[in-house]
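Student: sequence plus the predicted model coming up.
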Amino acid sequence: MFKSFSAVANLADKSDGGKINISVEGQAVARYDSNWLRNAVQEPLDEADIEGLEME
């Protein structure tokens, strides 16, 4: 995934308004711990102030 960041940034740079859509899905048989998910995933994304972010 980290290797793709440069390509994604290039696409956003050439897209109208610098906007692109990305869909990310993760799966864990044991389910994700809700505290970990909030602290490690949701809060950093919220702090990045990403426009149009939707989490399910």
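Tutor: Looks like it came in fine.
Student: alpha carbons only for contacts and neighbour counts from here, please
Tutor: Noted.
Student: by mean pLDDT, flag the weakest helix or strand of the chain.
Tutor: helix 43-47 (a mean of 91; mean pLDDT, DSSP states H and E).
Student: buried set for it?
Tutor: Across helix 43-47, burial judged by 16 or more other C-alpha atoms under 10 Å covers no residue at all.
Student: and it, how far out from the chain middle?
Tutor: Computed by C-alpha atoms, centre = their mean, to the nearest Å, the chain-centroid distance of helix 43-47 equals 10 Å.
Student: could we number from 14 for the rest of this?
Tutor: Got it, first residue is 14 now, which makes that one helix 56-60.
Student: grab the CA positions of it and hand them over as PDB.
Tutor: Extracted in PDB, the C-alpha atoms of helix 56-60 (Å, rounded to 0.1, in the frame of the first residue of the first chain):
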ATOM      1  CA  GLU A  56      -8.800   9.700  14.700                       C
ATOM      2  CA  PRO A  57      -5.800  10.100  12.400                       C
ATOM      3  CA  LEU A  58      -8.100  10.300   9.400                       C
ATOM      4  CA  ASP A  59     -10.300  12.900  11.200                       C
ATOM      5  CA  GLU A  60      -7.200  14.900  12.100                       C
END
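Student: how about the helices in this structure?
Tutor: 18-27, 47-50, 56-60 (DSSP state H).
Student: save the ones you listed as CSV, and put in distance to residue 39 too.
Tutor: Output for those, formatted as CSV (distance: least, C-alpha to C-alpha, whole Å):
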stretch, distance to residue 39
helix 18-27, 18
helix 47-50, 11
helix 56-60, 15
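Student: mind checking these for the one nearest to residue 38?
Tutor: With C-alpha to C-alpha, the closest approach to residue 38 among the helices of the chain belongs to helix 47-50: 13.1 Å.
Student: now tell me what touches that closest one from outside.
Tutor: Applying C-alpha atoms under 8 Å, 6 or more residues apart in numbering, helix 47-50 turns out to have no external contacts.
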